[in-house]
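Colleague: Any chance you could fold what I've pasted below:
(4 chains)
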There are 2 protein chains.
Amino acid sequence: MSTADTQALELSALVLGAANTLVDGIHSGVVARGFDDLRPAHGFAFARLAPDGATVGELAEHLGVTKQAASQLVEELVGKGYVERQPHPFDARARLVVLTEQGSACTRAADAAAADVVRPWLNQLGAKRMRALRDDLAKIAARGHLRPTW
Amino acid sequence: MSTADTQALELSALVLGAANTLVDGIHSGVVARGFDDLRPAHGFAFARLAPDGATVGELAEHLGVTKQAASQLVEELVGKGYVERQPHPFDARARLVVLTEQGSACTRAADAAAADVVRPWLNQLGAKRMRALRDDLAKIAARGHLRPTW
DNA sequence: CTATGTAGTCAAGTGGCTTGACTAAGTATG
DNA sequence: CATACTTAGTCAAGCCACTTGACTACATAG
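Modeller: Residues are numbered from 1 along each chain as shown, chains lettered A, B, ... in the order given. Have a look, this model is predicted:
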């Protein structure tokens, strides 16, 4: 196996490990802040709904699941008070799913939890290399090599 | 929200996106190489079994599932010819799960697929920053801020 | 030798997801 | 406008990876 391949393997493992740490850490932080009836999958939904809401179909595509699954997820979140369905402004077939105040509070909690996870990384690497890390990953993403869902 | 928090959010999204790209890309590459009866979860199992095999319990802990689930996964992989159970050298209760030749071939395919995913990153960033990226992630991991499962 | 702990499997139940079928509303064609 | 087609969403049923609970076989401490 070539050196480049070995490097690729190491990098893969590290990226996957970092992602794992993030998902677990964010979830733990969200739970610790009182939102204990949510799972990581809900966070990925919130990320799509956060700015201006989304339709069930858009959410489904973002999550990589069927519309039916997304619809069920929305129904669950409605029941728990995190989101609500509104009539779509332009398309009477569609319904706009938006965060409630509770949902917004949860996304703020998730943001804070993410910061908690990343903070030790910042302390370890320093601000300069941290920026470089972010910029390099952004460069990769900008070239379309990352899925647009996140 | 502070600047550091914004940076943390961006970084989180980028890392998660990169991980997503890796998982999808590796899986696609493995399927394309003829191992089309496997799912990403099997790859995570192979990663633990690859060097010297592991017990069902060890595999379960690595994957973050129950022993029963791991046992079922092993049973499935046995049926497909990727792994086999051997008597454990020291503990008659335990059984050592090891890769078959087919299983090893699959891990090599996964390695190659990972390299395929990472290669465009290397081309985009250059060797120097690529090394820096890996080293920084390794530094973070070395401090125990990443889950040891990967 | 006995009691407790550990490795693994069997059995049954669960929950998130899928496919399939359907209604309501938009859109394009004549 | 009238018909055919597409799209947004839900309802219903089934699937499958995972869970909890119960159990056997072996190990280990007292």
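Colleague: how close does the residue in chain A positioned nearest to DNA strand C sit to A:Gln68?
Modeller: Relative to DNA strand C, the nearest point of chain A is A:Ala92 (2.9 Å; CB to the nearest atom of the strand). Where C-beta positions appear, they are placed from N, C-alpha and C, glycine not excepted. In this structure, A:Ala92 and A:Gln68 are 21 Å apart, going by CB to CB, to the nearest Å.
Colleague: before we move on, what about A:Val118?
Modeller: Going from A:Val118 to A:Gln68 by CB to CB gives 35 Å.
Colleague: Give me the below-cutoff pLDDT ranges for chain A.
Modeller: A:1, A:3, A:143-150 (pLDDT under 70).
Colleague: which residue ranges form the strands in it?
Modeller: A:83-87, A:95-99 (DSSP state E).
Colleague: Check the gap between A:Phe44 and B:Val15 for me.
Modeller: Separation of A:Phe44 from B:Val15 (CB to CB): 14 Å.
Colleague: quick one: which of the two has more around it?
Modeller: Neighbours per residue, other CB atoms under 10 Å in any protein chain shown: of A:Phe44 and B:Val15, the larger number sits with B:Val15, 29 against 18.
Colleague: so how many other residues sit close to the residue lying closest to that one once chain neighbours are set aside?
Modeller: Ranked by CB to CB, 6 or more residues apart in numbering or on different chains and with sequence neighbours excluded, the top spatial neighbour of B:Val15 is A:Ala18, at 5.0 Å. Neighbourhood size, A:Ala18 [other CB under 10 Å]: 26.
Colleague: May I have the residues that are in contact with A:Ala18?
Modeller: With contact taken as CB atoms under 8 Å, 6 or more residues apart in numbering or on different chains, A:Ala18 is in contact with B:15, B:19, B:137, B:140-141, B:146.
Colleague: So which of those wins on neighbours?
Modeller: Most neighbours among the contacts of A:Ala18, by other CB under 10 Å: B:Val15, with 29 neighbours.
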